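**Student:** Sharing a model that was predicted from the sequence below.
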Amino acid sequence: MDNSKLISTLMGELKSSSVVRSLIPMGYVAGLPILSIKNDNLCATIPFLRYKITGETDKTLVFPIRYLIEYSLPHKQVVQFKDLSCDQAFAKVDFAKACGLFRHDAVKNLNREQYANLKSSTLRDYDKVVQFLIDDSDYSLNDEKLMIQHLSTILEPSLLPMYRFINSEFYNKYLNGVNHEQD
């Protein structure tokens, strides 16, 4: 099995996935995956959130992550679905209230093509770490630094607290140094 583009492929398949269509309401989009190892299984948790266009430049509303679908890799088997609005740990989160604005300062000067390229590069970073974890392929400190750089640039600052709560290990490894101004 070729694991070289596992995350990129998974993310590309989400919109047409019958599982996603049956569990995730229309209007929600996938955020960046959260990687974890559970009982010796590599997992990718895909967060789903929504955005609301206001018509003003750089004023698209970002809402909290509401749903999670966890996949076991490399077979992309769904192992868990969670609606965070039913989780006591998120009882104080108002999922109907925006938590931030898109575009944050780190991506404000990127045009559409540059942003798409950054997102593609970030997914390739995920692919590389996943291939390393599954196939023991080459992965260097520079690869890790690049993933940290890309993630810290593209991820919405208003979502950082949720990423930290969902998986503190992933957060501490890849996002702990992120210091965006909150919108």
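**Tutor:** Here it is on my side, so go on.

**Student:** where do the helices sit along the protein?
**Tutor:** Ranges of helices in the chain, per DSSP state H, are 6-13, 18-23, 112-135, 141-154, 160-166, 168-170.

**Student:** To Ile37, which of these lies closest?
**Tutor:** Of all those, it is helix 112-135 that lies closest to Ile37, at 7.5 Å by Cβ to Cβ. (Each C-beta comes from the backbone N, C-alpha and C, glycine too.)

**Student:** Next, the angle helix 6-13 makes with that closest one.
**Tutor:** Following axes from the mean of the first three to the mean of the last three Cα atoms, to 10 degrees, one obtains 130 degrees for the angle between helix 112-135 and helix 6-13.

**Student:** Between helix 141-154 and helix 112-135, find me the angle.
**Tutor:** Put simply, helix 112-135 runs at 140 degrees to helix 141-154, going by the same axes, to 10 degrees.

**Student:** What residues of helix 112-135 count as buried?
**Tutor:** For helix 112-135, the neighbour count (16 or more other Cβ atoms under 10 Å) marks 118, 122-133 as buried.

**Student:** Looking at this protein, which strand is longest?
**Tutor:** For the chain, the longest strand by residue count, based on DSSP state E, is strand 41-52.

**Student:** List the neighbouring strands of that one plus their orientation.
**Tutor:** If you go by DSSP bridges, strand 41-52 pairs up with strand 28-30 (antiparallel), strand 34-38 (antiparallel), strand 60-62 (antiparallel), strand 67-73 (antiparallel).

**Student:** can you pull the buried residues of that strand?
**Tutor:** The neighbour-count check on strand 41-52 (16+ other Cβ under 10 Å) flags 42-51 as buried.
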